[in-house]
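In: below is the sequence, then the predicted model.
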Amino acid sequence: MLNQHLTATTIALFIGGAVWAQDQSIIVQSTTSTANSGLYDHLLPIFQAETGIQVNVVAVGTGQAIKNAENCDGDVLLVHAKASEEKFVADGFGTKRTDLMYNDFVVVGPAADPAGVAGMNDVQGALAKIADGGALFASRGDDSGTHKKEMALWADSGVDPSAASGGWYRETGSGMGATLNAGIGMGAYVMTDRATWISFANKQDYQIAVQGDEDMFNQYGVIPVNPARCPSVNVDAAQTFADWLVSDEGQDAIAGYKVADQQLFFPNAPDS
Amino acid sequence: MSDAMTMTGVAGAADTQSSPILPLSVRDVVLRFGDVTVLDGVSLDLGTSGCTVVMGPNGSGKSLLLKLLHGLIQPSEGQLLWGRHSATEVTARQALVFQKPVLLRRSVAANIDFVLNARGKARARRDALLDHVGLAHKADQPARLLSGGEAQRLALARALATDPEVLFLDEPTASLDPASVLAIERIVSDARGRGVRIIFVTHDMGQARRMADDVVFLHRGRVAEHSTAAEFFPKPSCAAAREYLNGGIVV
Amino acid sequence: MQSIWEALSLAVALVLSGDADLLEIVLLSLRVSLTATAIACLIGLPIGALVAIGRFRGRSAVLIVMNALMGLPPVVVGLLVYLHLSRSGPLGFLGLLYTPTAMIIAQTILIAPIVAALSRQVLEDLHAEYAEQFRSLCLTRLQTVQALLWDARYSLLTVGLAGFGRAVAEVGAVIIVGGNIDHLTRVMTTAIALETSKGDLALALALGIILLVIALGVNAAVQSVRMTAARQAYV
């Protein structure tokens, strides 16, 4: 008897690390911008205090986050690439997409402003000017939400930057932070979401060069993963989290997150 | 059929454990490494008891002959029989003490324990063995920090721990001081007195005279002479042996 | 240069503050990498020993493969483990992805070949010294392997250390299978990657300095054991 008990205990200890994913915890597959900006550090303690649900955030690029969620390796998807998100739901991986909040993209550049775009608010015009002058531009190049947005803006501006890839157009294939570090290192312009930029610590002499264009609007959505497709999903907790984010309380919490006295995200969930 | 095979196998195994491995008969054994012939037709008969000293100049093949007899290497040609057994069948019933003892990276006592364990023998014998070779007071010390003479005595104790019926010694006292030489000879003589068959390679003439019941003289890969100690030392019959004894051999 | 000094003072301040989050990350790093090293030794040492004393067909091919596997890219290992442990993968039902266990698995796969290949070399050298004596003693293969493993124990500690060093320093595998989840799977290297991506280079470097100091401590501990052993001629 004792032996059996000991064996059971040993096994339980051994796989103890494996079964943490109990009812009261979920995995959020998230874009890096929300995680790196510190938003979750602000939101999750409030949510956990109310519901007792532990939220574990895996922060990767939007492309990888969607892929991971399609592999059922998450309970909630929180990214910013509307077309891909709608496809994710249409393909049956998610139950429902809800607009959650937005921030906006900005183009940052060195104080010397080699392309002469500082102060512009026409993003397509600014991009065309950068391309014409052959000023360095560092792109994520990683199929992330930010990258997809950037590519759409290039298309609107009539420039095909991929022709200059390796020349003035540098694709880092990395996350937002790594791309900022690389771009700042080489004196290149970089398009980034404002939230990441405000909380980014290695700005050196970089400033926001282009901002304010409505086309640089950056919409985030939240999608619970579909239990019909992924039986392992923690349905109730995932739905609770998604519901809380779009509730008045969650929206207020998002609006209340500030870095250096600046609000980073602007809640815009539809009234339920 | 399989029953018959099994029966034969079991009988054979039991046979190997009990049937006598002496006398030794070596017939026309040749050992070659590539084009080099090291032993060139060795024939030798050794009786059931006593101490045989193997002598001969460097390169005459003494060490290789010991390894061949012990079953560590295979002859290229010829026949070698211990009683009714090939050399490899009886390796476990023999022990070999090398010129440079190979001691485990453990304590003195653990070196003996290792062999007793490996052979399934009683651990309790360890203290008696260490006492026998005068190393009881060093039991807990690292084996590889022993002096040359102590290390060789430990190697001897380890060899004796296997209860060998034949004990090979390959120049065990080369480069040892006189007291260590005598200590080792005493242990070997003691084993001989208890019926262990000793086959002893040495260059030390005094040692050969003290230890030998018979002498095998190897020269150029052959047995040049095999005679009793009483015959060999006063008047070796072979010219090479005479020159060797006088220190004038040309290899 | 300035940021290096800043990082150094930050590292000292972090350690002195006894920050609970930092302690958690350090302990998880050690737990994951030490466990992976122990399991990798359980797998790698017997393989290294068998190849060291074995004479079989295809042995040189096995050696080439073993040595090549030492250079396994962590990201590739991470991806392979991810694909197996993912909910949609063959082992998804275990629910191991994004757990320390998954990180241990990935690091074990990463360093077991290192342990096997390096121990093979160590044990083969030792076997060259012992082989004839062991054959004279008529040891079985198992007894030979056991004796070699025990007598090479202090050299094998260094082999284990090489494996540990690689495990504790890699980021590519653990960030994929662990997910760098705060308070759950965040270790030193993934924390460094995160702070770098946030542009907080000084904090990233400070964490790197702490990692280096831990690695130094582990190495120094093993080295002192080795020196004690060397004084007894056990190495």
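Out: Looks like it came in fine.
In: and C:Val218, what does it touch?
Out: If you count contacts by CB atoms under 8 Å, 6 or more residues apart in numbering or on different chains, C:Val218 has them with C:161, C:164. From N, CA and C alone the C-beta is placed, and that goes for glycine too.
In: now do the SS call for it.
Out: helix (DSSP: H, G, I helix; E, B strand; the rest coil).
In: got a pLDDT number for it?
Out: Per-residue pLDDT puts C:Val218 at 91.
In: number of nearby residues for A:Met216?
Out: 21 (other CB atoms under 10 Å in any protein chain shown).
In: check C:Ala128 too.
Out: 10.
In: do a quick rundown of the helices in chain B.
Out: Counting by DSSP state H, chain B has these helices, from start to end: B:2-18, B:62-70, B:108-118, B:125-132, B:148-161, B:178-193, B:205-211, B:229-232, B:239-245.
In: make a markdown table out of those helices and add mean pLDDT and distance to chain A.
Out: Below are the helices of chain B laid out as a markdown table (pLDDT from 0 to 100; distance: least, CB to the nearest CB, whole Å):
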| stretch | mean pLDDT | distance to chain A |
| --- | --- | --- |
| helix B:2-18 | 43 | 38 |
| helix B:62-70 | 94 | 48 |
| helix B:108-118 | 95 | 29 |
| helix B:125-132 | 94 | 35 |
| helix B:148-161 | 96 | 38 |
| helix B:178-193 | 95 | 50 |
| helix B:205-211 | 92 | 60 |
| helix B:229-232 | 90 | 67 |
| helix B:239-245 | 84 | 70 |
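In: which of the ones you listed sits most buried?
Out: Ranked by mean neighbour count, the helices of chain B are led by helix B:148-161 with a mean of 24 (mean count of other CB atoms under 10 Å in any protein chain shown).
In: okay, that helix in PDB with CA atoms only?
Out: The C-alpha trace of helix B:148-161 is given here as PDB (Å, rounded to 0.1, in the frame of the first residue of the first chain):
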ATOM      1  CA  GLY B 148      56.300   1.200  -7.600                       C
ATOM      2  CA  GLY B 149      56.800  -1.800  -5.300                       C
ATOM      3  CA  GLU B 150      53.500  -1.200  -3.400                       C
ATOM      4  CA  ALA B 151      51.600  -0.900  -6.700                       C
ATOM      5  CA  GLN B 152      53.000  -4.200  -8.000                       C
ATOM      6  CA  ARG B 153      52.200  -5.900  -4.700                       C
ATOM      7  CA  LEU B 154      48.600  -4.600  -5.100                       C
ATOM      8  CA  ALA B 155      48.500  -5.900  -8.600                       C
ATOM      9  CA  LEU B 156      49.700  -9.300  -7.200                       C
ATOM     10  CA  ALA B 157      47.000  -9.300  -4.500                       C
ATOM     11  CA  ARG B 158      44.400  -8.500  -7.200                       C
ATOM     12  CA  ALA B 159      45.600 -11.300  -9.400                       C
ATOM     13  CA  LEU B 160      45.500 -13.700  -6.400                       C
ATOM     14  CA  ALA B 161      42.000 -12.500  -5.600                       C
END
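In: what residues does chain C have near chain A?
Out: C:86-89, C:92, C:94-101, C:179-182, C:184, C:194, C:196-203 (CB under 8 Å from any CB of the partner chain).
In: how's chain A carved up into domains?
Out: As assigned by automatic domain parsing, chain A contains the domains A:24-102+A:219-267, A:104-216.
In: export these as TSV, with columns for mean pLDDT and distance to C:Ala128.
Out: Shown next, in TSV, are the domains of chain A (pLDDT from 0 to 100; distance: least, CB to CB, whole Å):
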stretch	mean pLDDT	distance to C:Ala128
domain A:24-102+A:219-267	94	49
domain A:104-216	92	48
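In: nearest to chain B, of these?
Out: Ranking the domains of chain A by proximity to chain B (CB to the nearest CB) places domain A:24-102+A:219-267 first, at 48.4 Å.
In: tell me which element C:Ala206 falls in.
Out: Per DSSP states H and E: C:Ala206 is located in helix C:201-231.
In: on that earlier part again, can you tell which of the helices of chain B is closest to A:Ala128?
Out: Closest of the helices of chain B to A:Ala128 is helix B:108-118, at 81.0 Å (criterion: CB to CB).
In: tell me the residue of chain C that sits nearest chain A?
Out: Going by CB to the nearest CB, chain A is nearest to C:Ser197 of chain C, at 2.8 Å.
In: bridging residues for A:Asn56?
Out: A:Asn56 forms beta bridges with A:Ile27, as assigned by DSSP bridges.
In: relative to chain C, which of the helices of chain B is closest?
Out: Closest among the helices of chain B, using CB to the nearest CB: helix B:108-118, at 5.2 Å.
In: packing partners of the closest one?
Out: Identification of packing neighbours for helix B:108-118 by 3 or more CB pairs under 8 Å, 6 or more residues apart in numbering or on different chains; DSSP states H and E yields helix B:125-132, helix B:148-161.
In: neighbours of C:Val222, just the number please.
Out: C:Val222, neighbours per other CB under 10 Å, totals 16.
In: quick check, it in contact with C:Ser155.
Out: No - C:Val222 is not in contact with C:Ser155 according to CB atoms under 8 Å; the separation is 11.1 Å.
In: let's have the helices of chain B in TSV, adding distance to B:Leu81.
Out: Below are the helices of chain B laid out as TSV (distance: least, CB to CB, whole Å):
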stretch	distance to B:Leu81
helix B:2-18	13
helix B:62-70	11
helix B:108-118	27
helix B:125-132	31
helix B:148-161	23
helix B:178-193	23
helix B:205-211	25
helix B:229-232	25
helix B:239-245	26
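In: related to what we said a few turns ago, now the helices and strands packed on helix B:108-118 as CSV including distance to C:Leu34?
Out: What follows is the helices and strands packed on helix B:108-118, written out as CSV (distance: least, CB to CB, whole Å):
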stretch, distance to C:Leu34
helix B:125-132, 36
helix B:148-161, 37
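In: tabulate these (TSV), appending distance to chain C.
Out: Below are those laid out as TSV (distance: least, CB to the nearest CB, whole Å):
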stretch	distance to chain C
helix B:125-132	15
helix B:148-161	8
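In: apart from its neighbours in sequence, what residue is nearest residue 161?
Out: You didn't say which chain, so I picked chain A. Nearest non-adjacent residue to A:Pro161, counting by CB to CB, 6 or more residues apart in numbering or on different chains: A:Tyr169, 4.2 Å away.
In: ah, no, chain C please
Out: C:Leu161 sits nearest to C:Val222 (CB to CB, 6+ apart), 5.2 Å away.
In: pLDDT value on the one you found, please?
Out: 91.
In: in contact with it, which residues?
Out: C:157-158, C:161.
In: just the ones of the residues you listed in strands?
Out: Using DSSP state E, no member of the contacts of C:Val222 falls in strands.
In: quick one, which of those residues are buried?
Out: C:157-158, C:161 (16 or more other CB atoms under 10 Å in any protein chain shown).
In: give me the below-cutoff pLDDT ranges for chain C.
Out: Low-confidence segments of chain C (pLDDT under 70): C:1-2.
In: now the helices for it?
Out: Going by DSSP H, chain C shows helices at C:2-17, C:20-53, C:59-69, C:74-85, C:100-136, C:141-151, C:153-169, C:172-178, C:188-197, C:201-231.
In: now for the fifth one, which elements pack on it?
Out: Identification of packing neighbours for helix C:100-136 by 3+ CB pairs under 8 Å, 6+ apart yields helix C:20-53, helix C:59-69, helix C:74-85, helix C:141-151, helix C:153-169, helix C:172-178.
In: quick one: which of those is nearest A:Cys230?
Out: Among the helices and strands packed on helix C:100-136, helix C:74-85 comes nearest to A:Cys230, with 14.6 Å by CB to CB.
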